[in-house]
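1. Predicted model and sequence follow; I will ask about them next.
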Amino acid sequence: MSPTFRSLANANYRLYAAGGVVSNTGTWMQRVAQDWLVLQLTANSGVALGVTTGLQFLPFLLLSPVAGLVADRVPKRRLLQATNVGMAVPALVLGVLAVTGTAQIWHVYCLALMLGVSAAFDAPARQSFVSEIVAPEDLTNAVGLNSASFNAARLVGPGVAGLLIAAFGGGAAATGWVILLNALSYAAPVLALQRMDPRALDTPDPGVRSPRMIRAGVSYVRHRADLLLILAIVFCAGTFGMNFQLTSALMATEVYDKGALEYGVLGTFLAVGSLTGSLVAATRTHVRLRLVVGAAMVFGVLVVLSGVMPTYVTFAVMTPLLGLAALTMVTAANSYMQLHTDAGMRGRVMALYMMIFLGGTPIGAPVIGVIGETLGARYTLVLGGTLTLLGVGAASLLYAWSRGVLTPGGAPSSLGPRAWANQALVRARK
């Protein structure tokens, strides 16, 4: 088997990946349909679109520490089955409301928040569960293939959603049928998880129950300068730069005067670059901090450039490059966090990672939406990319200046990530 796909030799991982492809395709279809539904219900309101996105990601900001603790205490396979069912229910309700013509914008807000709650508990369990399925030497490959699966779905989902919405008339009812398909897609990962062989999973023993377990996870990360740098980078990029579903919708409708089909195509083009970045990531055997920093800086520059593209075609041409840079950064950051974290802390660490990465969206999305309505859609990208560059640059300079101070107990900067992890674990357990 090709080294790029070596994790697929693992039977449990094949089931996990297969279920993920189906569910991820449905997820991307709903993202396009939900955004189009909001635009239909609010006469193309960028603020409403930003509020919807923000509400869907708000639980990551509020619940991630608890979700990480749950991921470290509960068998992840069972937890993931429950969270998939929890995400299917609000999708089913929203789909029915849209199809029957009774959907109102407050319905979308409430159901987006409900979906986000289940997703907040799903994310740290799903991220850390990969390390239980494959061997440590295959973890980087598996993370890359997970991203490839996600972005293969992104390649197909938005285009299919756009075609279906257009075929059913382009209105609110048309979006409902697409959302219902997503509700059905959650059955795939539930069944795949059920069919896994639990004896082949490397499940760590749950940590000793303690009222300070969440604080211990925060302390562990606080004494790791390398992890703090990654968290700062993904916060800046996730909050200000990676609002693709919002910015693409505004650019397609306001700047280029396009419809649902063309909006869906933008998501597919973005996925071409994202899928490429994911497959390249799957070939790596190790990840360095400088790769995360470099990819984030390139991403920020590309976001700014995409905001000044004169035509729909030139904007569409930029989207694969955006996807490539974004996924190179995200997969490298994700792999580094998991590879350099103690197994007993991994659920809590990945919860903090997801909280910082996705939890910034409730802050960034409404702000980007207001910018789009007041200054114009182009500024959502120009200002978003600029803020990303400034944030990543400042975090990198601060890391270079203070790394000797932030290591545990003032240890010299020559300490590697593994030594930092061991010392941080001791500090966290005190």
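-> Here it is on my side, so go on. Numbering: from 1, shown residues only.
2. and stretch 95-110, which residues are buried?
-> By 16 or more other CB atoms under 10 Å, the buried positions in stretch 95-110 come out as 95, 97-99, 103, 105, 107-109. For glycine as for every other residue, the C-beta is placed from the backbone atoms N, C-alpha and C.
3. Show me the helices in the stretch 101-250 of the chain, by range?
-> Assigned by DSSP state H, counting those that start in this stretch, the stretch 101-250 of the chain shows helices spanning 105-133, 139-167, 172-185, 187-195, 213-222, 225-236, 244-250.
4. contacting residues around the third one?
-> In this structure, residues lying in contact with helix 172-185 by CB atoms under 8 Å, 6 or more residues apart in numbering are 22-23, 25-27, 29-30, 32-34, 36-37, 40-41, 88-89, 91-92, 94-101, 103, 161, 164-168.
5. okay, L406: pLDDT?
-> Looking at L406, its pLDDT reads 45.
6. Let me know the secondary structure of the spatially most central residue of the chain.
-> What sits nearest the mean C-alpha location of the chain, by CA atoms, centre = their mean, is L358, with 6.4 Å. Following DSSP: H, G, I helix; E, B strand; the rest coil, we place L358 in the helix state.
7. do the same with G391
-> Under three-state DSSP, G391 falls in the helix class.
8. number of nearby residues for it?
-> 20 (other CB atoms under 10 Å).
9. Please name the nearest non-neighbouring residue to it.
-> C236 (3.0 Å; CB to CB, 6 or more residues apart in numbering).
10. Who are the contact partners of that neighbour?
-> Contacts of C236 by CB under 8 Å, 6+ apart are 296, 387-388, 390-392, 395.
11. Of these - the most surrounded one?
-> Most crowded among those, counting by other CB under 10 Å, is A296 at 30 neighbours.
12. Give me the angle between the helix or strand containing that residue and helix 225-236.
-> If you go by DSSP states H and E, A296 is part of helix 289-306. Computed by axes from the mean of the first three to the mean of the last three CA atoms, to 10 degrees, the angle separating helix 289-306 from helix 225-236 equals 10 degrees.
13. next structured bit after helix 289-306?
-> Following helix 289-306 in sequence, per DSSP H and E, is helix 312-339.
14. Show me what that next one is packed against.
-> helix 105-133, helix 139-167, helix 225-236, helix 260-282, helix 289-306, helix 346-359 (3 or more CB pairs under 8 Å, 6 or more residues apart in numbering; DSSP states H and E).
15. quick one, it and helix 289-306 angle?
-> Relative orientation of helix 312-339 and helix 289-306, computed by the same axes, to 10 degrees: 160 degrees.
16. Report the distance from helix 312-339 to the chain centre.
-> The chain centre lies 11 Å from the centre of helix 312-339; the measure is CA atoms, centre = their mean, to the nearest Å.
17. Nearest approach to F244 belongs to which of the helices and strands packed on helix 312-339?
-> helix 260-282 (6.1 Å; CB to CB).
18. relative orientation of that closest one and helix 139-167 in degrees?
-> 170 degrees.
19. which strands and helices sit next to helix 260-282?
-> Checking 3+ CB pairs under 8 Å, 6+ apart, helix 260-282 ends up next to helix 11-42, helix 139-167, helix 244-250, helix 312-339.
20. which one of those helices is the most hemmed in?
-> Most buried of those, by mean neighbour count (mean count of other CB atoms under 10 Å): helix 244-250, with a mean of 26.
21. who's in contact with L191?
-> Contacts of L191 (CB under 8 Å, 6+ apart): G19.
22. Likewise for L227?
-> Counting by CB under 8 Å, 6+ apart, L227 has contacts 221, 337, 340-341, 349.
23. Now for those: which two are most distant?
-> Greatest spacing in the contacts of L227, by CB to CB: V221 and H340 (11.2 Å).
24. coming back round to it: which of the contacts of C236 sits closest to F269?
-> T388 (20.4 Å).
25. does the closest one really touch G241, like I thought?
-> Yes - between T388 and G241 there is a contact under CB atoms under 8 Å: 4.0 Å.
26. Quick check: neighbours shared by the two?
-> Common neighbours of T388 and G241, counting by CB under 8 Å, 6+ apart, are 299-300, 303.
27. Out of these, the closest to L327 would be?
-> F299 (9.5 Å).
28. Excluding chain neighbours, what is closest to the closest one?
-> A325 is the one closest to F299 (CB to CB, 6+ apart), at 3.9 Å.
29. swap in R195?
-> Using CB to CB, 6+ apart, the nearest residue to R195 is L15, at 5.6 Å.
30. same question, G364
-> Distance criterion CB to CB, 6+ apart; nearest residue to G364, sequence neighbours excluded, is T239 at 3.8 Å.
31. Make sure the one you found is actually in contact with L358.
-> No - contact criterion CB under 8 Å: T239 and L358 do not qualify, at 9.5 Å.
32. how many other residues sit next to the residue nearest to L389 when sequence neighbours are not counted?
-> Distance criterion CB to CB, 6+ apart; nearest residue to L389, sequence neighbours excluded, is G300 at 3.8 Å. As a burial measure, G300 scores 26 neighbours (other CB under 10 Å).
33. next one: G307
-> 23.
34. thinking it is in contact with R378, fair?
-> Yes - with contact defined as CB under 8 Å, G307 reaches R378; the gap is 4.8 Å.
35. now, among the buried residues of stretch 95-110, which is nearest to E132?
-> G95 (33.0 Å).
36. And the closest one, which helix or strand is it part of?
-> helix 76-99.
37. and that helix, how far out from the chain's middle?
-> In terms of CA atoms, centre = their mean, the centre of helix 76-99 is found 18 Å from the chain centre.
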